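Enquirer: please work out how this folds:
(chains A, B, C and D)
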There are 2 protein chains.
Amino acid sequence: MKVTGDQALVKKINKSIVLHTIRKHSPISRAKVSEMTGLNKATVSNLVAELCNEQLVTEAGPGISSGGRKPLILHFNSMAGSVVGIELGVKQITAVLCDLGGGILEEIHRPLDNHQLPHVLGEMKGMIASLIATAPNTPYGIVGIGAGVPGMVDENGVVLFAPNLGWEMVELRALLEKEFGVPVTVDNEANAGAQGELNFGVARDIRHLLYISAGAGIGSGIIIGGELYKGARGYAGETGHMSIEADGQPCSCGNRGCWELYASEKTYDQPDLHLPARTTPELVRYAEIGQEDALRHFNVMGEALGIGLTNVINSFNPELIVIGGTLSVARDWLIEPLQRVVAERTLPYHKQQLQIIFSELGSRGAMIGAAFAAVMHFLGDTRVTL
Amino acid sequence: MKVTGDQALVKKINKSIVLHTIRKHSPISRAKVSEMTGLNKATVSNLVAELCNEQLVTEAGPGISSGGRKPLILHFNSMAGSVVGIELGVKQITAVLCDLGGGILEEIHRPLDNHQLPHVLGEMKGMIASLIATAPNTPYGIVGIGAGVPGMVDENGVVLFAPNLGWEMVELRALLEKEFGVPVTVDNEANAGAQGELNFGVARDIRHLLYISAGAGIGSGIIIGGELYKGARGYAGETGHMSIEADGQPCSCGNRGCWELYASEKTYDQPDLHLPARTTPELVRYAEIGQEDALRHFNVMGEALGIGLTNVINSFNPELIVIGGTLSVARDWLIEPLQRVVAERTLPYHKQQLQIIFSELGSRGAMIGAAFAAVMHFLGDTRVTL
DNA sequence: CAGACTTTGTATATTGGTTAAACAAAGTTT
DNA sequence: AAACTTTGTTTAACCAATATACAAAGTCTG
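Expert: Numbering: from 1, shown residues only, chains lettered A, B, ... in the order given. Okay, the predicted model is just below:
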């Protein structure tokens, strides 16, 4: 949105800068904040006073002197409120209660076998309610709910299309906001995962990140300039339906030879394929004991992942690629063929700085990212571009 | 860059808003600017006075009353200075002298057959110098030079890699700035084309645009949120080297089955292919008289373009795709197979709003976009995001 | 056609946030 | 013990936007 400048805006910008500086670097002194941001000491003092009043920042006594007066240590008050993050998967729902710093207070799982909207919604509401019930007593209470879903989501939190759930046009945000009366953010599961990795995972402070969520399908979350990119109608990143074989197998999406037919858990569905099991965790166990079919299949999938990744690298040119999702537990068997194919196929200049790593948050990244989106919505963020 | 807020920033923001509002909507009155921007009338008056002093805005007498005092009409002063835009192609160099409004004052072409750096640089310098010599007498004179090149460019204006020219690590910006003593912006030709279409072509005011430059290869310029997106090191958009055939022909880039092997002028190089000619303009002439080999080949290329486009649509989800470059003159024979394939293959939700059109600026888009980049560099742009 | 109303643009006093500079507080170094 | 450092606050000044009043120049209406 285009905004004009006035003093209120200036204050908003600076307050946002101070708050997020403290959030990212606490414990920190006012002097240090002033130095880092370039803001005058007096300005920082005033804004910190307001933030303390609002209980978003707390003062925690004197720190260690570095040759002069002792600094007064400031902390971001993670306990000013809490949020719920919930990830709707195809086979399960997972949810967390987080503080404002992304710290997990409570985590619950529930298997899911029925994808009917009323049932799923009932489960979600039940889980959220039980997490809210366990929430600690905080100044702001529950300040928001963030959800990650395996499908396309528009800017109003409507799930446009979730093929793996059989959903279309589900107004998830409205439904949850009505139920709980707090702001709800709904996002694609891969987008949420990207946010999770960016803020709490292996991708901290990366400017251009590509997060690949490989599981029942393949989705991707795109971070550009430190911010989540969503396409024209809010659902970019359906890279799983990028064709890597122009005349390949037909896909349910209408295209042919889609990446996720070769590099996701959908490969397990091929009936003529020799496999000792049809789920990733089981196949991992077989691979661990050296079962040949499992090893061979992971090798094939790793190569297929690499082929699709190359395409994304050549058009997106990210600094870092993080691979998450349920398939990421097979890291040890996928990474070698994957990196080999990428190294063979990418443009020489891309190889120099690109890193490909697997997620540490695993499948929890999306849930944490969803929670974080809710936190950021609460805290706000105002910035200037030149 | 992260910037703190103070009154100077406020003024900069508002002045930028006023200037660009006048630039885009002139002729316009102060009152109208105030209404459009939300800025106070007095604020607008003050800032306009400064812009008039700086000769960036001119007052052009009274306009037509709408029931009260006549407005004083303001114009953006396109003639406050001029810029040179130059596009380095594989077979030719084209350059323009533009005013600050993107109006073409002078345009020159020169064929190119020798890609040796000293020769190319000499040609470019000669063309720029001759355009500068014809520049009208303006308050600011030549305020910048913008160049579009067929290769990867980093943020310092270094041409990292231009396979079709055989260039590597050419410090084009530094070389030109040293010669002419004005700011130089260097950009990938597809990025420049995207800027051209966004500001002066068929894509005005589109937020998420994908510009495909199809010619000797395929490049793409990506506009996200109204701004040019460049990857981690400034050279995203090499979509031509996206594989659409995992085990296809090997490409000079190291990958296999690259899109541009099937959908660019590179297809003409296949020796076993029956074609009446090996350049796009000639083939177009054959197609016009119904020559079958030409028609068939354009059909095949159109389909191949559609296959690659589908991939980009599924991962980028743009609002609009503009196809430019030298291949765009074959529009009439490419568009049907292209749109057919895209319609067959894209996800249902993508079809709803996506438009695919061919450029009107044709191959001049890149040159105009390069000139525009130089203009924007001169005028500056400060904005706030919430 | 005269008075009322509209629209455009400017002048004036007020507001409010940042800032530099002085200052106070609390430490370390020599 | 005196000098220096570092941290944080107080004070006065500054300056851009703003609301308000006002001036200028038109149209509309009975």
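Enquirer: and the nearest residue to A:Leu100 once chain neighbours are set aside, how many neighbours?
Expert: Of all residues beyond its chain neighbours, the one nearest A:Leu100 is A:Ser78 (4.8 Å), with distances taken as Cβ to Cβ, 6 or more residues apart in numbering or on different chains. No exception for glycine: its C-beta is placed from N, CA and C like everyone else's. By the criterion of other Cβ atoms under 10 Å in any protein chain shown, A:Ser78 has 20 neighbours.
Enquirer: was I right about A:Ser78 contacting A:Ile104?
Expert: No - under the criterion of Cβ atoms under 8 Å, A:Ser78 makes no contact with A:Ile104, lying 11.4 Å away.
Enquirer: was I right to think A:His20 contacts A:Asp381?
Expert: Yes - using Cβ under 8 Å, A:His20 makes contact with A:Asp381 at a distance of 7.1 Å.
Enquirer: so between those two, which is more surrounded?
Expert: Ranked by neighbour count (other Cβ under 10 Å), A:His20 and A:Asp381 place A:His20 first, with 19 against 14.
Enquirer: quick one, the helix or strand hosting that one and helix B:7-25 angle?
Expert: Using DSSP states H and E, A:His20 sits within helix A:7-25. Between helix A:7-25 and helix B:7-25, the angle formed by their directions is 110 degrees, by axes from the mean of the first three to the mean of the last three Cα atoms, to 10 degrees.
Enquirer: what about helix A:7-25, near DNA strand C?
Expert: Yes - on the criterion Cβ under 7 Å from any atom of the strand, helix A:7-25 is in touch with DNA strand C at A:7-8, A:10-11, A:14-15.
Enquirer: show me which of those are buried.
Expert: Among the residues of helix A:7-25 next to DNA strand C, the ones that count as buried by 16 or more other Cβ atoms under 10 Å in any protein chain shown are A:10-11, A:14-15.
Enquirer: what does chain A put close to DNA strand D?
Expert: A:4-7, A:29-32, A:41-42, A:45, A:48-49, A:65-72.
Enquirer: among those, name the buried ones.
Expert: A:4-6, A:29-32, A:48, A:71.
Enquirer: could you list which of the residues you listed belong to helices?
Expert: Residues of these located in helices (DSSP state H): A:30-32, A:48.
Enquirer: now render those residues as CSV, adding distance to chain B.
Expert: Shown next, in CSV, are those (distance: Cβ to the nearest Cβ, whole Å):
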residue, distance to chain B
A:Arg30, 15
A:Ala31, 16
A:Lys32, 15
A:Val48, 15
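Enquirer: point me to the residue of the stretch 51-200 of chain A nearest DNA strand C.
Expert: DNA strand C sits closest to A:Arg69 of the stretch 51-200 of chain A, with a gap of 3.4 Å, by Cβ to the nearest atom of the strand.
Enquirer: just checking, that residue is part of a helix?
Expert: No - using DSSP: H, G, I helix; E, B strand; the rest coil, the assignment for A:Arg69 is coil, not a helix.
Enquirer: which phi and psi values does it adopt?
Expert: Dihedral pair for A:Arg69: phi -60, psi 140, per degrees, to the nearest 10.
Enquirer: equivalent analysis for A:Ser65, please.
Expert: phi -70, psi 150.
Enquirer: quick one: contacts for the spatially closest residue to it that is not a sequence neighbour?
Expert: Using Cβ to Cβ, 6+ apart and skipping residues adjacent in sequence, the residue nearest A:Ser65 is A:Pro71, 7.6 Å away. Neighbour list for A:Pro71: A:29-32, A:62-65 [criterion: Cβ atoms under 8 Å, 6 or more residues apart in numbering or on different chains].
Enquirer: which one of the residues you listed is nearest B:Asn199?
Expert: A:Lys32 (43.1 Å; Cβ to Cβ).
Enquirer: mind listing what the closest one touches?
Expert: Taking Cβ under 8 Å, 6+ apart, one finds A:25, A:71 in contact with A:Lys32.
Enquirer: which residues in the stretch 101-250 of chain A form strands?
Expert: A:104-111, A:142-149, A:152-153, A:159-162, A:167-170, A:184-188, A:209-214, A:218-224, A:227-229 (DSSP state E, counting those that start in this stretch).
Enquirer: where does chain A dip in pLDDT?
Expert: Along chain A, segments meeting pLDDT under 70 span A:1-2, A:231-237, A:349-353.
Enquirer: from the centroid of it, which residue is nearest?
Expert: A:Gly193 (2.4 Å; Cα atoms, centre = their mean).
Enquirer: which residue packs closest to A:Ser29, ignoring adjacent ones?
Expert: A:Pro71 (3.3 Å).
Enquirer: angles on the backbone of that neighbour, please.
Expert: phi -70, psi 150.
Enquirer: was I right to think A:Gly89 contacts A:Arg110?
Expert: No - A:Gly89 is beyond contact range of A:Arg110, at 10.2 Å (criterion: Cβ under 8 Å).
Enquirer: output the longest helix belonging to chain A.
Expert: Every helix in chain A considered (DSSP H), the longest is helix A:292-316.
Enquirer: and that one, what does it pack onto?
Expert: Applying 3 or more Cβ pairs under 8 Å, 6 or more residues apart in numbering or on different chains; DSSP states H and E, one finds that helix A:292-316 contacts strand A:209-214, strand A:218-224, helix A:260-263, helix A:280-288, strand A:320-324, helix A:331-345, helix B:292-316.
Enquirer: for the ones you listed, which one ends up most surrounded?
Expert: Among those, strand A:209-214 has the highest mean neighbour count (mean count of other Cβ atoms under 10 Å in any protein chain shown), at a mean of 30.
Enquirer: give me the contacts around it.
Expert: A:189-190, A:193-194, A:197-198, A:203, A:218-223, A:239, A:263-265, A:305, A:309, A:312-313, A:316, A:318-328, A:365-366.
Enquirer: one more time with 6 Å
Expert: Applying Cβ atoms under 6 Å, 6 or more residues apart in numbering or on different chains, the contact partners of strand A:209-214 are A:190, A:193-194, A:197, A:203, A:219-221, A:223, A:264, A:316, A:318, A:320-325, A:327.
Enquirer: and A:Glu87, that one's in a strand?
Expert: Yes - assessed with three-state DSSP, A:Glu87 lies in a strand.
Enquirer: that one: how many residues sit nearby?
Expert: Neighbours around A:Glu87, by other Cβ under 10 Å: 28.
Enquirer: which helix or strand contains the residue nearest to it when sequence neighbours are not counted?
Expert: Using Cβ to Cβ, 6+ apart and skipping the chain neighbours, the partner closest in space to A:Glu87 is A:Met367 (4.1 Å). According to DSSP H and E, A:Met367 maps onto helix A:365-379.
Enquirer: ok and that helix relative to strand A:320-324, angle-wise?
Expert: Using the same axes, to 10 degrees, helix A:365-379 lies at 120 degrees relative to strand A:320-324.
Enquirer: now helix A:365-379: buried residues?
Expert: Of the residues in helix A:365-379, those buried (16+ other Cβ under 10 Å) are A:365-379.
Enquirer: what's the helix or strand following that helix packed up against?
Expert: Once helix A:365-379 ends, the next helix or strand along the chain (criterion: DSSP H and E) is strand A:383-385. With contacts defined as 3 or more Cβ pairs under 6 Å, 6 or more residues apart in numbering or on different chains; DSSP states H and E, the packing partners of strand A:383-385 are strand B:383-385.
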